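**Student:** Generate coordinates for the sequence data below:
(chains A and B)
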Amino acid sequence: MRSLAANATAPVVGTVTPLRRLLRSTSTRISLAFLFLVLLCAIAPSLLSPHDPYQQDLGNRLLGPVFSERAHPDHLLGTDQLGRDVLSRIIYGARITLLVCAQAMLLSAVVGTLAGLFAGYMGGWFDQIIMRLIDMQLAFPVILLVVAVVAIVGPSLTNLIIIMGISGWPRFARVARGSVLSCKEMDYVDAARAVGAGRWRIMLQHILPNILSALIVYASFELARMILLEASLSFLGLGVQPPVPTWGGMINDGRQYIFQSWGASFFPGLAILALILTFNMLGDDLRDALDPRLAND
Amino acid sequence: MLNYLVRRLLVTVPVLLGISFFSFALLYLSGDPTDFLLPVNVPEATREAFRVAQGFDQPLLVQFVNFLGRALTGDFGTSLRFQQSAGSLVWERLGATGELALAAMVFAVVVGIPAGAVAAYRFGGFADRAVRAVSLLGQAIPNFYLGVMAVIVFAVWLRVLPSGGRGTLEQLLLPALTLGFGLVALIARVTRSCMLDALKQDYIRTARAKGLTEGLVVWKHALRNAFIPVLTVIGLQFGLLLNGVFVTEIVFSWPGVGRLAIQSIYSRDFPVVQTIVFLSAVTFVFLNLLVDLLYAVLDPRISYR
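**Tutor:** As a prediction, this is how the structure comes out:
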C-alpha cells in the first residue's frame, strides 16, 4: 500500500531529489549558511561572543561601531546605554529568538495540522466549527491579542511560546485542510479504504505524508512570522524580560538614545531583518524544490 | 445576489458572537477580574461590594449576555485611567488612526500597483529585479525597526522631518511611509504575478492585433483584469495594516487607537483594551464582507447564487 502511495507522488525527474534541487540554488546556500551561523550563536554563544553580554561598563556607554568617531576597538558594534557590548548581546539574543520561535512554530504546526487534517477529512459539522474558529481568530489583530494576553498572564518563556503558538494554528489549519481536500479523493485513499484501513490510519499514514511538503514550505514562512512577532513583543517590553538580551528589546533600549548613538538599535534590527529574510527565501526555495512545476515563477 | 448577501451575513453571526465572547473572556484569563479593576490595597469587603455592583457575582453566561447587550449600545464600561467612557475614548482617537491608515494605504496603492505592473511588463529585466528585491525586503523588515531607522535618518541626521506627534503634514509623512512600506511590497508582488497572468491572455493579443497603443493595452486591458486579486489582497491585508498600527503609533507617538491600546495594556486599563480588541475584530469582519461584495460589482463574471 505504501509503495503505491509513494509512486503516486514521487516527482518523475530521474535521480534529482528535492534536496539536491534545493542545494543547487545560490540563494538557498546563502540562507542555509546564515541559518547555520545563527544556530551556532544560539547553541554556543560563548564561542563567538567577544564579551560577557551582561558586563556593564559605565565609562564606555553608547559607543558607536568601530568605524565611527566615538568608538573603542574592543567593541566592534559599539555599546548600549549601560556600556554592554552590542555584538555580544546580539549573539546571545539569537538563543531566545530561536528557542521561542521554533517552539511556538512547532506548537502551532501540530495543533493546526491536526485540526486541518480532521476538518478536511471528516467534513460536516466538525469542519464547520473549525472553519468558524479560524475565521474568528484571524479577525483579531494578532499583535494586539498576543500583547493583551501576555500582559495578563505574564511574559514567562513558557507563556510566550504557548500564546505565540496558539496565534499561528489557524493558518496551518487552513493550509492542511486545503491540501487534504485536494488529495482525499485520490485513488490511493480509496485503495487504503478498500483494504479496510481505518480513519486514523488513512489520515496519519496515507494523507499526512502527502501534504507534508506543503506544510514544510509553510512552516518556513511561519517561522519568519514568529520572529517578527517575538521581536515586536520584546520591542513593546512584553517579551522575555531584561536583562536577558532580545533583539526587539535592544532596538527599544537603543531608541531612547538615538540622539547620542544609532548603533545600539540599528544592528539588532539588522539581525532580525536578516533572519526573517532567510526564512522567507528558504520557504520560496523549498516550494520551488518540492514542486518543480512552479520552479520558473 | 440578495440571497448571497443574506447567507454571507448569517455566516458572520457566529463569528461575531465568538469575537464578542473572546473579548469578554479576556478579563477572566487570570481568574478574578477585580484584580484588574481595583487597586491592590482595597479591603475585601469593598471588593465584594464592587463585584456585586458590577455583576461579577452572576453566572458567566448572564455576564456575557449583559456584556453583549451593553456592547451593542456602544457602552463598553468606564476607563480606569481616564475615568471616561471607554467607547468615547476610542472614538476620539479613531480619527488619528484612520488618517494614518488611509495615508499608508494610499501610498501603498499609488506606489505598489504601478511598480508591480511595470515589473510584470518588463519581466526579467532590471525594473522587475528591482521591484522583486524591494518587495522581498519590504516583507522582511519589521515595522518598528523601519520606523526607528526613519527617525534616525530624517529626524536625527538630516533634521528635515519631525520625529513624532500629529498635526502637520510633515508629521504624517514618516509614520505613513513606515506603515505603508510592507504593504507596498505585498501589493507590488501580487500585482506583478496577476499582471503576468493577464498579459498572457488572448484578449491582450486581440487588443494588440487591433492596433491599440501599448499603453492602453497594459494599463487598461491587462491591469483592469489583474485588479480583482489585487483588491482581495488589499482588503485582506487591512488586517496586516492594523497590526502595524500598534507599533508604528508607539514609535512616532501618534495619538491614535493603537497607542491607546498599548498604553492601556501597560496601565492595565482593561475596559479600553476590551473595547479596542472587540471593535478592531468587528471592523475586520465587515471589511472582509465588503471586499467580497465589491468583487461582484467589479467583476460581472462572478455571480452569487
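
**Student:** Only C-alpha atoms from now on, for both contacts and neighbour counts.
**Tutor:** Noted.

**Student:** in the chain, which residue is closest to the centre?
**Tutor:** Went with chain A since none was named. A:Leu223 (1.3 Å; C-alpha atoms, centre = their mean).

**Student:** meant chain B actually
**Tutor:** Note: chain B centre (C-alpha atoms, centre = their mean) maps to B:Leu242, 2.8 Å.

**Student:** Tell me which residue in chain B sits closest to chain A.
**Tutor:** The minimum distance from chain B to chain A, using C-alpha to the nearest C-alpha, falls at B:Ala281 (4.7 Å).

**Student:** Specify which residues of the stretch 51-200 of chain B, grouped into ranges, have pLDDT under the cut-off.
**Tutor:** Low-confidence segments of the stretch 51-200 of chain B (pLDDT under 70): none present.

**Student:** near chain A, which residues of it show up?
**Tutor:** Counting by C-alpha under 8 Å from any C-alpha of the partner chain, the residues of the stretch 51-200 of chain B close to chain A are B:Leu136, B:Leu137, B:Ala140, B:Ile141, B:Pro142, B:Phe144, B:Tyr145, B:Val148, B:Met149, B:Ile152, B:Val156.

**Student:** Leaving out chain neighbours, which residue sits closest to A:Leu77?
**Tutor:** A:Pro65 (4.0 Å; C-alpha to C-alpha, 6 or more residues apart in numbering or on different chains).

**Student:** quick revisit: how many neighbours does the residue of chain B closest to chain A have?
**Tutor:** 24 (other C-alpha atoms under 10 Å in any protein chain shown).

**Student:** Name the residues of the helix or strand harbouring it that are buried.
**Tutor:** Here B:Ala281 sits within helix B:270-298, counting by DSSP states H and E. For helix B:270-298, a neighbour-count test (16 or more other C-alpha atoms under 10 Å in any protein chain shown) marks B:270-282, B:284-285, B:287-289, B:291-293, B:295 as buried.

**Student:** Can you list the residue ranges for strands in chain A?
**Tutor:** Along chain A, counting by DSSP state E, no stretch forms strands.

**Student:** low pLDDT regions in it?
**Tutor:** For chain A (pLDDT under 70), the answer is A:1-16, A:291-297.

**Student:** interface residues of it facing chain B?
**Tutor:** A:132-133, A:135-137, A:139-145, A:147-149, A:151-153, A:224, A:228, A:232, A:236, A:251, A:255, A:258-259, A:262, A:265-266, A:269, A:272-274, A:276-277, A:280.

**Student:** Out of those, name the ones that lie in helices.
**Tutor:** Among these, the members falling in helices are A:132-133, A:135-137, A:139, A:142-145, A:147-149, A:151-153, A:224, A:228, A:232, A:251, A:255, A:265-266, A:269, A:272-274, A:276-277, A:280 (criterion: DSSP state H).

**Student:** Can you flag the buried ones in those?
**Tutor:** For those, buried by 16+ other C-alpha under 10 Å: A:132-133, A:135-137, A:139, A:142-145, A:147-149, A:151-152, A:224, A:228, A:232, A:251, A:255, A:265-266, A:269, A:272-274, A:276-277, A:280.

**Student:** so who does residue 24 touch?
**Tutor:** Picking chain A for this. By C-alpha atoms under 8 Å, 6 or more residues apart in numbering or on different chains, the contact list for A:Arg24 is empty.

**Student:** Actually, chain B is the one I wanted.
**Tutor:** Here B:Phe24 is in contact with B:Phe64, B:Phe67, B:Gln274 (C-alpha under 8 Å, 6+ apart).

**Student:** buried ones in the helix or strand hosting it?
**Tutor:** Following DSSP H and E, one finds B:Phe24 within helix B:2-25. Within helix B:2-25, the residues that count as buried by 16+ other C-alpha under 10 Å are B:Thr12, B:Pro14, B:Val15, B:Leu16, B:Gly18, B:Ile19, B:Ser20, B:Phe21, B:Phe22, B:Ser23, B:Phe24.

**Student:** do the same with stretch A:203-211
**Tutor:** Buried residues in stretch A:203-211 (16+ other C-alpha under 10 Å): A:Met203, A:His206, A:Ile207, A:Leu208, A:Asn210, A:Ile211.

**Student:** on that earlier part again, can you spell out which helices and strands pack onto the helix holding B:Ala281?
**Tutor:** helix A:124-139, helix A:142-153, helix B:2-25, helix B:86-121, helix B:223-236, helix B:257-266 (3 or more C-alpha pairs under 8 Å, 6 or more residues apart in numbering or on different chains; DSSP states H and E).

**Student:** okay if I get those as CSV plus distance to B:Ile204?
**Tutor:** Formatted as CSV, the helices and strands packed on helix B:270-298 follow (distance: least, C-alpha to C-alpha, whole Å):
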stretch, distance to B:Ile204
helix A:124-139, 37
helix A:142-153, 41
helix B:2-25, 32
helix B:86-121, 12
helix B:223-236, 10
helix B:257-266, 45
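
**Student:** Among the ones you listed, which comes closest to B:Leu172?
**Tutor:** helix B:86-121 (7.1 Å; C-alpha to C-alpha).

**Student:** and A:Ala271, how far is that from chain B?
**Tutor:** Using C-alpha to the nearest C-alpha, to the nearest Å, one obtains 10 Å as the distance from A:Ala271 to chain B.

**Student:** and if you look at A:Ser182?
**Tutor:** 22 Å.

**Student:** can you give me the helices for the stretch 51-200 of chain B?
**Tutor:** B:60-72, B:86-121, B:126-140, B:143-150, B:169-199 (DSSP state H, counting those that start in this stretch).

**Student:** quick one, the last one and helix B:143-150 angle?
**Tutor:** Helix B:169-199 and helix B:143-150 are oriented at 120 degrees to each other (axes from the mean of the first three to the mean of the last three C-alpha atoms, to 10 degrees).

**Student:** Identify each buried residue in helix B:169-199, please.
**Tutor:** B:171-172, B:174-196, B:198-199.

**Student:** Likewise for stretch B:63-71?
**Tutor:** B:Gln63, B:Phe64, B:Phe67, B:Leu68, B:Ala71.

**Student:** before we move on, what about stretch B:95-111?
**Tutor:** For stretch B:95-111, using 16+ other C-alpha under 10 Å, the buried residues are B:Ala96, B:Thr97, B:Leu100, B:Ala101, B:Ala103, B:Ala104, B:Met105, B:Phe107, B:Ala108, B:Val109, B:Val111.

**Student:** Could you do stretch B:254-270 as well?
**Tutor:** Quick answer for stretch B:254-270 (16+ other C-alpha under 10 Å): B:254-262, B:264-266, B:268-270.

**Student:** Same list as before, the buried residues of stretch B:95-111 that is, but in CSV and with distance to B:Val42 included.
**Tutor:** Formatted as CSV, the buried residues of stretch B:95-111 follow (distance: C-alpha to C-alpha, whole Å):
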residue, distance to B:Val42
B:Ala96, 37
B:Thr97, 36
B:Leu100, 41
B:Ala101, 41
B:Ala103, 46
B:Ala104, 45
B:Met105, 47
B:Phe107, 51
B:Ala108, 50
B:Val109, 53
B:Val111, 56
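
**Student:** Determine which two of those are furthest apart.
**Tutor:** B:Ala96 and B:Val111 (22.7 Å).

**Student:** what's the closest non-adjacent residue to B:Phe181?
**Tutor:** In space, B:Phe181 is closest to B:Gly138, 6.1 Å off (C-alpha to C-alpha, 6+ apart).

**Student:** Assess the claim that that neighbour and B:Gly182 are in contact.
**Tutor:** Yes - at 4.7 Å, B:Gly138 counts as touching B:Gly182 under the criterion of C-alpha atoms under 8 Å.

**Student:** about what we covered before: please list the outside residues in contact with the host helix or strand of the residue nearest to the centre of chain B.
**Tutor:** B:Leu242 is part of helix B:238-251 when elements are defined by DSSP H and E. For helix B:238-251, contacts defined as C-alpha under 8 Å, 6+ apart pick out A:139, A:141-144, A:232, A:236, B:97, B:101, B:143-144, B:147-148, B:164, B:175, B:178-180, B:183, B:254-259, B:261-262, B:284.
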